[in-house]
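**Student:** give me coordinates for this.
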Amino acid sequence: MNRQRRTTEKLRDEERGRWASKREYCLVVAGNVVGLGNVWRFPYLCYKNGGGAFLVPYGLLAVFSGLPLFVLEISMGQYTQEGFITCWTKMCPLAMGIGVGQLIISFWQTSYVLIEAWALFYLVFAFRSQLPWVTCDNTWNTADCLDLQTFNSSNVTTNQTRGTSAAVEFWERRMLGMSGGIEELGSVRWELALCLLACWVFCYFSVWKGVRSSGKVAYFTATFPYVMLLILLIRGLTLPGASEGIYYYLYPDINRLADLQVWIEAGSQIFFSYSVTGGTLHVLSSYNKYNNNCYKDCFWICLLNSGTSFVAGFVVFSVLGFMAHKQGVSVDTVIESGPGLAFIAYPQATALIPLPQFWTACFFLMLILLTVDTHFVLIESIFTSVSDLLPTFLRAPVKHEILVLISCTSFCLLHLALVTEGGIYIFQLIDFYGATRVCMNLMAICECLALAWIFGADNFSNIIEEMTGHRPSAFFKLCWKFIVPLLSLISFILYLVDYKHLMVDDYVYPDWAYALGWTMTFSSVVMVPLWAVGQMCLTSGTFRQRLSILCRPADGPTWKQTELGEEGTTADLMTSALTT
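**Tutor:** Here you go, the predicted model:
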């Protein structure tokens, strides 16, 4: 059997590809999970939800939800050696709709390349002798503009009643050229469009040779952000007022632990930062050797991910403390989430530091590299999963390169809508509805039901033990069967109860936009039941026979066909229950 597996792996290496080394695999996975969510979203949520107290729910949910799902998806990808769609044929064909739904989620997530384009736009302007978001003597500034010195001369709240900062006007009027709403798309911002094109060109050359090129690119894109992070950390900690910012970051407000919203947002951050339920982890691990110790890898990568988030908080809040010190206000009056923090508050802060061009360039270069990894891994995951659906046609090297070129070009053209004057409203709509907590929670529930209940948690543990030589503890089986589905279901229900319509500043979207948003949300989720129903209709036999066939692996290694027959009683019990 071992000789047969080695022969199969050798043929598959030649046909599908394989990581050149364990180092490349770890770098790509680390680059994928460590992104903007670690550097901006985590520090903001930590401050907003009780400071150091937020670390309590974050740590608990990382252990009880993030790590178990991470182990589940990495192990599944390595075992099946397939993309996130076809992998289900070797585990539970009835659940193949999960992979189709993840493909749709990935499509919506490609819009995050816009953040990379924004950062590149700012990086170009960072090399000017005078940073354009510092003064108000530019053509795009209004009469209400306040230059950086004026803005920081007195209380920020007072200044905001008299005008708008130069940084805000550069963001809204120079780069975005914001229109009045999604109904007014306006013209394409061609400078931003060129930045978008550059991002897609880089993505193409990162994935055009498959994992052979992705692994090489990761040597730079996955490590250099840590160099930038270290430089910015040292500089931030030496700024006046940094201690005040760090105090706000870590000060524990224990009373906030009684607020369910804190726990919900901690769970949401775990899903985003660990990149679970999106399908990318399946694909990346599918290029591993069968006997790679993925069980051990998961612990180290998850620790690196959470550790990066924690350290990034010191970088961000030391600078925000410096801004508060300069303005003579408390930190809670200068912090903003999302684009406001990355593209308004931080550029203002670096402009106040000696050698502002250098620190601004470091900051935006780090931002670009943090998004680059996630971007090309997402595209590689889509290509791999589609290629595994049609291996004979799409795995030929020339055909693969042509497919990558056509796909990148098509995505770039589609994303031109995001760099119009109303593009920010489209982007916010996709961000809020396209790959939301609703999708992630429901996908987590479906994955756990399919693998822990239908396929069987014991069988899955046997798989991990055979691949790695380490059997997962009973804790993981408990999480896969009960804890993760329960936590995800609670989070989903509370999201619906507390749901509020998306707003951008004071702008309220039209009703058709909200309808479009919910369509994006359920476009992925609805694939799970629809695909299951479709497979039931296309499979021959009685209802019980069809269900029995679809609850068992369609193909796979000999081990699965023999051992699963002895231990795989969960599927049999479920089939009997559903047909009684």
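**Student:** show me the strands in this structure, by range?
**Tutor:** 145-146, 164-165, 503-504, 507-508 (DSSP state E).
**Student:** what comes into contact with the third one?
**Tutor:** Outside strand 503-504, the residues that touch it by CB atoms under 8 Å, 6 or more residues apart in numbering are Ile424, Tyr425, Gln428, Tyr509. Where you see a C-beta, it was placed from the backbone N, CA and C, and this is true even at glycine.
**Student:** follow-up on the earlier one: in JSON lines, list the strands of the chain along with mean neighbour count, mean pLDDT and distance to Phe476.
**Tutor:** Rendered in JSON lines, the data for the strands of the chain read as follows (neighbours: other CB atoms under 10 Å; pLDDT from 0 to 100; distance: least, CB to CB, whole Å):
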{"stretch": "strand 145-146", "mean neighbour count": "21", "mean pLDDT": "90", "distance to Phe476": "55"}
{"stretch": "strand 164-165", "mean neighbour count": "21", "mean pLDDT": "86", "distance to Phe476": "50"}
{"stretch": "strand 503-504", "mean neighbour count": "14", "mean pLDDT": "86", "distance to Phe476": "40"}
{"stretch": "strand 507-508", "mean neighbour count": "12", "mean pLDDT": "92", "distance to Phe476": "45"}
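**Student:** and the ones you listed: which comes nearest Met323?
**Tutor:** Met323 lies closest to strand 164-165 among those, at 11.4 Å (CB to CB).
**Student:** please report the distance of Tyr248 from Trp40.
**Tutor:** 16 Å (CB to CB, to the nearest Å).
**Student:** about what we covered before: of the strands of the chain, which approaches Tyr44 most closely?
**Tutor:** Of the strands of the chain, nearest to Tyr44 by CB to CB is strand 503-504, at 17.3 Å.
**Student:** and that closest one, how far out from the chain's middle?
**Tutor:** 22 Å (CA atoms, centre = their mean, to the nearest Å).
**Student:** pull up the pairing partners for it, direction included.
**Tutor:** Its sheet considered, strand 503-504 pairs with strand 507-508 (antiparallel) by DSSP bridges.
**Student:** which residues does the strand it pairs with contact?
**Tutor:** Gly180, Gly181, Tyr425, His501.
**Student:** cutoff 10 Å now
**Tutor:** Outside strand 507-508, the residues that touch it by CB atoms under 10 Å, 6 or more residues apart in numbering are Met178, Gly180, Gly181, Ile182, Tyr425, Gln428, His501, Leu502, Tyr514.
**Student:** now do that strand: distance to the chain's middle.
**Tutor:** 26 Å.
**Student:** and stretch 226-238, by the same measure?
**Tutor:** 24 Å.
**Student:** give me the buried stretch members for it, please.
**Tutor:** Tyr226, Met228, Leu229, Ile231, Leu232, Leu233, Arg235, Gly236, Leu237 (16 or more other CB atoms under 10 Å).
**Student:** what's in contact with that stretch?
**Tutor:** Contacts for stretch 226-238 (CB under 10 Å, 6+ apart): 30, 34, 38-39, 242-243, 245-246, 304, 308, 311-312, 314-322, 346, 349-350, 353-355, 358-359, 361-370.
**Student:** and with 7 Å instead?
**Tutor:** By CB atoms under 7 Å, 6 or more residues apart in numbering, the residues outside stretch 226-238 that reach it are Ala242, Val311, Ala312, Phe314, Val315, Ser318, Val319, Trp359, Cys362, Phe363, Leu365, Met366.
**Student:** circling back to that earlier point, out of the contacts of strand 503-504, what pair is the most spread apart?
**Tutor:** Ile424 and Tyr509 (12.3 Å).
**Student:** for Ile182, the count of nearby residues, please.
**Tutor:** 20 (other CB atoms under 10 Å).
**Student:** where in the protein is pLDDT low?
**Tutor:** Along the chain, segments meeting pLDDT under 70 span 1-15, 153-162, 335-340, 394-398, 555-580.
**Student:** quick one, phi/psi of Arg128?
**Tutor:** Phi and psi for Arg128, reported as degrees, to the nearest 10, are phi -80, psi 150.
**Student:** helices along the stretch 451-580 of the chain, start to end?
**Tutor:** Assigned by DSSP state H, counting those that start in this stretch, the helices in the stretch 451-580 of the chain fall at 457-468, 474-478, 484-497, 511-525, 527-538, 543-550, 558-567, 569-579.
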